[in-house]
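Q: next one to model:
(chains A and B)
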2 protein chains.
Amino acid sequence: MTLPHPATDQITLSNVLAALGDPTRLAIVGYLARREGRPTMCLKFTDFGSKTNISYHLAKLRESGITRTEVSGTSRLITLRRDDLDTRFPGLLDSIIASAVDLPMVKKIEEAAEAASVQGEPQ
Amino acid sequence: MTLPHPATDQITLSNVLAALGDPTRLAIVGYLARREGRPTMCLKFTDFGSKTNISYHLAKLRESGITRTEVSGTSRLITLRRDDLDTRFPGLLDSIIASAVDLPMVKKIEEAAEAASVQGEPQ
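A: Model (predicted):
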């Protein structure tokens, strides 16, 4: 199963900014940016809110062209569409990430991931 | 009369992005950027929509910290808070403006302004 994603030239600035104009979605993007392109399981984001809530936010990010979601068995792997966004809006994502990586919510989830890692859970 | 504006350190990234995640408000910002800091009368934006509509959009931009509105008699003068935004989110406004100045709506209003200028109307 594949989910619908806009083509690169269909990504619009107002859709991207509207999708990022939300603290939870900004935090998700900040966290993905910290992982430097490694696909991230959607379950990682449940520290940011309920599963339903996170599903909604991940759909918004995918539909606006900010992230790519790959269905892998019962899980979903999320990556930032960094190259596509850099092509469409040079410098935009970098400037947003520079501010988003230090959001309190991003630090919170990172601490949770580190704690899980110490306990031997898979990343 | 002065209208409320957030202080520089009260401007949040998610509020700024949410305010810019709208084609009309992006076009207003693109147009203000083309005027390079010159205060712009709110009436200039009526090509983008009805007066009520534009008032709403200008309030959103002011409340999120993107623009400053000065009341001057019966008119309002709008400027971009470029320095404040550059301080808070380096590079963000530049990257957004680089894409916003070429929006079809911005070109339309600029052509209207040029036509008015040819007819001797005040800028």
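
Q: got a list of what A:Gln10 touches?
A: A:Gly65 (CB atoms under 8 Å, 6 or more residues apart in numbering or on different chains). For the C-beta atoms, the positions are set from N, CA and C on the backbone; glycine is no exception.

Q: roughly how far apart are it and A:Leu32?
A: From A:Gln10 across to A:Leu32, the span is 21 Å (CB to CB, to the nearest Å).

Q: swap in A:Leu58?
A: A:Leu58 is 10 Å from A:Leu32, by CB to CB.

Q: overlap in contacts of those two?
A: A:Thr67, A:Ile78.

Q: so where's the longest helix in chain A?
A: helix A:104-118 (DSSP state H).

Q: got a list of contacts for it?
A: Counting by CB under 8 Å, 6+ apart, A:Pro23, A:Thr24, A:Ala27, A:Gly30, A:Tyr31, A:Arg34, A:Lys44, A:Phe45, A:Asp47, A:Phe48, A:Ala100, A:Gln123 sit against helix A:104-118.

Q: enumerate every residue touching the third one.
A: Just to be clear, that refers to A:Ala27. A:Phe48, A:Ala100, A:Leu103, A:Met105, A:Val106, A:Ile109.

Q: what's the helix or strand for it?
A: Per DSSP states H and E: A:Ala27 is located in helix A:23-34.

Q: return that helix as PDB; C-alpha atoms alone will do.
A: Listed next in PDB are the C-alpha coordinates belonging to helix A:23-34 (Å, rounded to 0.1, in the frame of the first residue of the first chain):
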ATOM      1  CA  PRO A  23       3.600  23.500  17.400                       C
ATOM      2  CA  THR A  24       3.200  19.700  17.200                       C
ATOM      3  CA  ARG A  25       4.000  19.500  13.500                       C
ATOM      4  CA  LEU A  26       6.900  21.800  13.900                       C
ATOM      5  CA  ALA A  27       8.200  19.500  16.700                       C
ATOM      6  CA  ILE A  28       7.800  16.500  14.400                       C
ATOM      7  CA  VAL A  29       9.800  18.200  11.700                       C
ATOM      8  CA  GLY A  30      12.500  19.300  14.200                       C
ATOM      9  CA  TYR A  31      12.800  15.700  15.400                       C
ATOM     10  CA  LEU A  32      13.000  14.300  11.900                       C
ATOM     11  CA  ALA A  33      15.700  16.900  11.100                       C
ATOM     12  CA  ARG A  34      17.700  15.800  14.100                       C
END
